[in-house]
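[1] I'll drop the sequence and a predicted model, then ask my questions.
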Amino acid sequence: MGIAGGTASGKTTVCHTIKEALGVECTVVAMDAFYKGIPEDQLHLVHEYNFDHPNALDHDEIYSVVNKLLNWEDAEMPVYDFKTHKRLEETQNLPAANFVILEGIYALYEKRMRDLMSLKIFVQTDDDIRLGRRMLRDRQERGRDIEGILNQYFKFVKPSYDEYIKPTMKKADIIVPHGAKNQVAIDLIVMNLRHYLQSQD
(Lines give C-alpha, C1' and ligand atoms only; values in the text may rest on other atoms or scores of the structure.)
Protein backbone atom coordinates (compact mmCIF):
# COMPACT_ATOMS: atom_id res chain seq x y z
CA MET A 1 0.00 0.00 0.00
CA GLY A 2 1.15 3.53 -0.73
CA ILE A 3 0.25 6.55 1.39
CA ALA A 4 1.06 9.95 -0.14
CA GLY A 5 0.18 13.57 0.58
CA GLY A 6 1.80 16.94 1.16
CA THR A 7 4.22 17.80 3.93
CA ALA A 8 2.64 17.51 7.40
CA SER A 9 -0.65 16.25 5.95
CA GLY A 10 -0.86 13.42 8.48
CA LYS A 11 0.51 10.61 6.29
CA THR A 12 2.57 9.03 9.06
CA THR A 13 -0.32 9.14 11.55
CA VAL A 14 -2.69 7.57 9.01
CA CYS A 15 -0.05 4.94 8.24
CA HIS A 16 0.41 3.88 11.87
CA THR A 17 -3.33 4.09 12.63
CA ILE A 18 -4.01 1.64 9.80
CA LYS A 19 -1.10 -0.56 10.86
CA GLU A 20 -2.40 -0.85 14.42
CA ALA A 21 -6.00 -1.44 13.33
CA LEU A 22 -5.09 -4.18 10.86
CA GLY A 23 -3.71 -6.44 13.54
CA VAL A 24 -1.24 -8.19 11.21
CA GLU A 25 2.48 -7.82 10.74
CA CYS A 26 3.23 -4.69 8.72
CA THR A 27 6.53 -3.19 7.62
CA VAL A 28 6.57 0.56 7.01
CA VAL A 29 9.01 2.02 4.48
CA ALA A 30 9.39 5.75 5.19
CA MET A 31 10.50 7.66 2.09
CA ASP A 32 12.00 10.40 4.30
CA ALA A 33 14.82 7.97 5.14
CA PHE A 34 15.94 7.91 1.51
CA TYR A 35 17.03 11.52 1.06
CA LYS A 36 20.32 11.62 -0.79
CA GLY A 37 21.71 14.26 1.55
CA ILE A 38 24.00 17.18 0.83
CA PRO A 39 27.75 16.77 0.17
CA GLU A 40 30.00 18.26 2.87
CA ASP A 41 31.36 20.96 0.56
CA GLN A 42 27.83 22.15 -0.28
CA LEU A 43 26.34 22.35 3.21
CA HIS A 44 26.71 26.13 3.18
CA LEU A 45 24.13 26.13 0.35
CA VAL A 46 21.54 24.17 2.33
CA HIS A 47 19.02 27.03 2.15
CA GLU A 48 19.13 26.79 -1.64
CA TYR A 49 18.50 23.05 -1.72
CA ASN A 50 14.99 21.85 -2.60
CA PHE A 51 14.29 18.84 -0.37
CA ASP A 52 10.75 18.65 -1.80
CA HIS A 53 11.84 18.03 -5.39
CA PRO A 54 11.58 14.40 -6.61
CA ASN A 55 15.34 14.32 -7.30
CA ALA A 56 16.10 14.83 -3.60
CA LEU A 57 15.15 11.19 -2.97
CA ASP A 58 16.82 7.99 -4.17
CA HIS A 59 13.84 6.39 -5.90
CA ASP A 60 15.91 3.47 -7.25
CA GLU A 61 16.93 2.52 -3.73
CA ILE A 62 13.34 2.81 -2.48
CA TYR A 63 12.15 0.57 -5.29
CA SER A 64 14.86 -1.99 -4.52
CA VAL A 65 13.99 -2.10 -0.80
CA VAL A 66 10.26 -2.48 -1.45
CA ASN A 67 10.88 -5.24 -3.99
CA LYS A 68 12.99 -7.16 -1.47
CA LEU A 69 10.25 -6.95 1.12
CA LEU A 70 7.59 -8.07 -1.38
CA ASN A 71 9.78 -11.09 -2.13
CA TRP A 72 9.84 -11.96 1.59
CA GLU A 73 13.43 -10.80 2.07
CA ASP A 74 14.54 -8.56 4.91
CA ALA A 75 15.90 -5.19 3.78
CA GLU A 76 17.98 -2.32 5.15
CA MET A 77 16.60 1.23 5.24
CA PRO A 78 18.92 4.26 5.58
CA VAL A 79 18.77 6.51 8.62
CA TYR A 80 18.68 10.19 7.67
CA ASP A 81 19.55 13.06 10.02
CA PHE A 82 17.47 16.14 9.22
CA LYS A 83 19.64 18.37 11.40
CA THR A 84 22.90 17.60 9.58
CA HIS A 85 21.27 16.81 6.21
CA LYS A 86 23.22 13.57 5.96
CA ARG A 87 22.67 9.86 6.15
CA LEU A 88 24.08 8.18 9.22
CA GLU A 89 26.39 5.18 8.97
CA GLU A 90 23.91 2.82 10.60
CA THR A 91 20.83 1.45 8.86
CA GLN A 92 17.46 0.21 10.08
CA ASN A 93 16.50 -3.40 9.48
CA LEU A 94 13.11 -3.89 7.84
CA PRO A 95 11.76 -7.41 8.38
CA ALA A 96 9.66 -9.12 5.74
CA ALA A 97 5.98 -9.06 6.76
CA ASN A 98 2.47 -9.80 5.55
CA PHE A 99 1.97 -6.22 4.49
CA VAL A 100 4.25 -3.45 3.25
CA ILE A 101 3.31 0.22 3.54
CA LEU A 102 5.26 2.87 1.60
CA GLU A 103 4.71 6.30 3.15
CA GLY A 104 5.96 9.64 1.83
CA ILE A 105 5.22 12.70 -0.25
CA TYR A 106 6.22 10.85 -3.44
CA ALA A 107 4.75 7.43 -2.62
CA LEU A 108 2.46 7.62 -5.69
CA TYR A 109 4.84 9.53 -7.95
CA GLU A 110 6.42 6.71 -9.96
CA LYS A 111 4.38 4.31 -12.08
CA ARG A 112 6.71 1.39 -11.35
CA MET A 113 6.03 1.87 -7.64
CA ARG A 114 2.28 2.27 -8.10
CA ASP A 115 2.22 -0.97 -10.09
CA LEU A 116 3.40 -2.82 -6.96
CA MET A 117 0.56 -1.50 -4.82
CA SER A 118 -2.73 -3.15 -3.92
CA LEU A 119 -4.09 0.13 -2.56
CA LYS A 120 -3.08 3.76 -3.16
CA ILE A 121 -4.06 6.46 -0.67
CA PHE A 122 -3.67 10.24 -0.76
CA VAL A 123 -4.06 12.17 2.50
CA GLN A 124 -5.53 15.59 1.76
CA THR A 125 -5.18 18.35 4.35
CA ASP A 126 -5.70 22.11 4.09
CA ASP A 127 -2.54 24.03 3.15
CA ASP A 128 -2.75 26.35 6.18
CA ILE A 129 -2.99 23.42 8.59
CA ARG A 130 -0.03 21.71 6.92
CA LEU A 131 2.08 24.86 7.16
CA GLY A 132 1.23 25.27 10.85
CA ARG A 133 2.13 21.65 11.58
CA ARG A 134 5.37 21.94 9.63
CA MET A 135 6.39 25.04 11.57
CA LEU A 136 5.85 23.27 14.90
CA ARG A 137 7.65 20.12 13.77
CA ASP A 138 10.67 21.85 12.23
CA ARG A 139 11.13 24.08 15.27
CA GLN A 140 10.78 21.31 17.84
CA GLU A 141 12.41 18.38 16.05
CA ARG A 142 14.85 19.95 13.61
CA GLY A 143 15.95 23.12 15.40
CA ARG A 144 14.95 25.54 12.65
CA ASP A 145 13.77 29.13 13.05
CA ILE A 146 10.46 30.52 11.81
CA GLU A 147 12.00 32.76 9.16
CA GLY A 148 13.92 29.86 7.65
CA ILE A 149 10.87 27.58 7.73
CA LEU A 150 8.67 30.13 5.96
CA ASN A 151 11.35 30.94 3.41
CA GLN A 152 11.78 27.25 2.57
CA TYR A 153 8.03 26.67 2.44
CA PHE A 154 7.20 29.43 -0.03
CA LYS A 155 10.35 29.00 -2.11
CA PHE A 156 10.39 25.21 -2.42
CA VAL A 157 7.75 23.27 -0.47
CA LYS A 158 4.55 24.80 -1.83
CA PRO A 159 5.71 25.06 -5.48
CA SER A 160 6.88 21.42 -5.40
CA TYR A 161 3.59 20.32 -3.86
CA ASP A 162 1.59 22.12 -6.55
CA GLU A 163 3.75 20.85 -9.42
CA TYR A 164 4.69 17.29 -8.42
CA ILE A 165 2.78 16.01 -5.39
CA LYS A 166 -0.78 17.27 -5.70
CA PRO A 167 -1.17 15.79 -9.23
CA THR A 168 -0.52 12.30 -7.79
CA MET A 169 -3.89 12.59 -6.04
CA LYS A 170 -5.38 11.52 -9.39
CA LYS A 171 -3.47 8.23 -9.09
CA ALA A 172 -4.97 7.38 -5.70
CA ASP A 173 -7.69 4.79 -5.16
CA ILE A 174 -8.83 6.59 -2.01
CA ILE A 175 -8.49 10.24 -0.95
CA VAL A 176 -8.61 10.78 2.82
CA PRO A 177 -9.59 14.33 3.85
CA HIS A 178 -8.50 15.48 7.33
CA GLY A 179 -6.00 12.65 7.85
CA ALA A 180 -6.30 10.25 10.78
CA LYS A 181 -9.20 12.28 12.23
CA ASN A 182 -11.34 10.87 9.44
CA GLN A 183 -12.33 7.71 11.29
CA VAL A 184 -14.91 6.68 8.69
CA ALA A 185 -12.26 6.64 5.96
CA ILE A 186 -9.78 4.76 8.18
CA ASP A 187 -12.40 2.13 9.05
CA LEU A 188 -13.29 1.62 5.38
CA ILE A 189 -9.62 1.26 4.42
CA VAL A 190 -8.96 -1.27 7.19
CA MET A 191 -12.08 -3.24 6.21
CA ASN A 192 -10.94 -3.29 2.59
CA LEU A 193 -7.42 -4.43 3.53
CA ARG A 194 -8.68 -7.20 5.79
CA HIS A 195 -10.87 -8.45 2.96
CA TYR A 196 -7.89 -8.33 0.60
CA LEU A 197 -5.67 -10.28 3.03
CA GLN A 198 -8.38 -12.91 3.52
CA SER A 199 -8.72 -13.31 -0.24
CA GLN A 200 -4.96 -13.80 -0.53
CA ASP A 201 -5.02 -16.46 2.18
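    Looks like it arrived, so ask away.

[2] pLDDT on the longest helix belonging to the chain, on average?
    The residue-count maximum for a helix in the chain (DSSP state H) belongs to helix 183-200. The average pLDDT within helix 183-200 is 88.

[3] Would you state the helices of the protein in chain order?
    With helices called from DSSP H, the chain shows them at 11-22, 59-70, 111-114, 127-142, 146-152, 158-160, 183-200.

[4] Need the single longest strand in this protein, by residues.
    strand 86-94 (DSSP state E).

[5] Listing partners with orientation, what would you give for that strand?
    Within its sheet, strand 86-94 is paired with strand 75-81 (antiparallel), according to DSSP bridges.

[6] quick one: the partner strand to chain centroid distance?
    14 Å (CA atoms, centre = their mean, to the nearest Å).

[7] With stretch 103-116 instead?
    Per CA atoms, centre = their mean, the displacement of stretch 103-116 from the mean C-alpha position of its chain is 10 Å.

[8] In this protein, which residue is most central in space?
    Of all residues in the chain, the one closest to the mean position by CA atoms, centre = their mean is G104, 1.2 Å from it.

[9] Isn't it up against A4?
    Yes: G104 is within contact range of A4, at 6.9 Å (criterion: CB atoms under 8 Å). Quick note: C-beta positions are derived from backbone N, CA and C, even for glycine.
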